[in-house]
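[1] I would like the atomic coordinates for the input below:
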Amino acid sequence: MRWMKGDKAAADYIELICNIAHVWDDLIDKDKEVTDDEIGKAFFEALVRLPRNSFYRNHFDHLNSILMNAISNWQVATRLERQGGAYETSIAFVLRSSYIDLVTQAALLVGGYKWACVVGEEARRLTHGETYEGYVENLKKEKLSRSAAQPKDDR
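    Predicted coordinates:
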């Protein structure tokens with residue numbers, strides 16, 4: 001609420017986006033089991049609650065473009081993580097968190113440019129709190145989880 005200057009609809013928008021993104025990420029990475037209820041809730045939030053959120057509706061042209069870019073960056077980061085080496089992984093580390101731009105841009109809309117910079121710095125520090133080393137370690141665990149989830153060939 002502080003980052004959104006008390007604007008409940010803006011804070012709800014950020015919470016919705018983060019919830020949807022986390023479930024989507026867990027489904028793709030297969031590093032965390034996602035229940036049917038969690039999947040159902042994420043789809044409901046994406047298809048019903050997000051389009052009805054007044055902050056998102058009022059700023060759709062601005063926020064939807066940022067959302068499309070964050071999704072593209074996340075997909076590129078996933079490819080870099082899976083197909084590349086250390087260099088590509090270092091790019092993916094920052095690229096995958098482009099969704100923070102949604103927080104920064106929402107802060108810009110509710111509080112202006114200077115406020116967006118304050119929030120952007122705080123949000124980036126929080127998002128990258130796992131450190132690059134922690135990210136690489138979690139990426140190794142995710143790869144093991146994903147390979148374990150692959151069906152085995154019975155031939």
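[2] what's the helix or strand for residue 80?
    Applying DSSP states H and E as the criterion places residue 80 in helix 60-83.
[3] Can you name the next helix or strand after that helix?
    Sequence-wise, the next helix or strand downstream of helix 60-83 (DSSP H and E) is helix 86-95.
[4] by how many degrees do that following helix and helix 60-83 diverge?
    Using axes from the mean of the first three to the mean of the last three CA atoms, to 10 degrees, the inter-axis angle of helix 86-95 relative to helix 60-83 is 160 degrees.
[5] So what touches helix 86-95?
    The contact list for helix 86-95, computed with CB atoms under 8 Å, 6 or more residues apart in numbering, reads 73-74, 76-78, 80-81, 84, 128, 132, 135-136, 139. C-beta coordinates here come from the backbone N, C-alpha and C atoms, glycine included.
[6] buried set for that helix?
    If you call a residue buried by 16 or more other CB atoms under 10 Å, then helix 86-95 has these buried ones: 88, 89, 92, 93, 94, 95.
[7] go on, stretch 142-153?
    Of the residues in stretch 142-153, those scored as buried under the neighbour-count criterion (16+ other CB under 10 Å) are residue 142.
[8] Show the pLDDT at residue 146.
    The per-residue pLDDT reported for residue 146 equals 73.
[9] And the nearest residue to it once chain neighbours are set aside, how close does it get to residue 15?
    Distances taken as CB to CB, 6 or more residues apart in numbering place residue 30 nearest to residue 146, at 4.5 Å, with adjacent residues excluded. According to CB to CB, to the nearest Å, residue 30 stands 24 Å off from residue 15.
[10] Of these two, which one has the most company?
    The neighbour count for residue 30 versus residue 15, taken as other CB atoms under 10 Å, is higher for residue 30 (17 against 14).
[11] Enumerate every residue touching that one.
    For residue 30, the contacting residues are 142, 145, 146, 149, by CB under 8 Å, 6+ apart.
[12] Tell me how far it lies from residue 84.
    Per CB to CB, residue 30 is found 19 Å from residue 84.
[13] rewinding a little: how close does the residue nearest to residue 146 get to residue 1?
    Distance from residue 30 to residue 1, counting by CB to CB: 33 Å.
[14] low pLDDT regions in this protein?
    Applying pLDDT under 70 to the chain flags the ranges 151-155.
[15] hmm, 50 instead?
    Low-confidence segments of the chain, defined by pLDDT under 50, are absent; every residue clears the threshold.
[16] can you give me the helices in it?
    8-29, 36-44, 50-52, 54-58, 60-83, 86-95, 100-127, 131-149 (DSSP state H).
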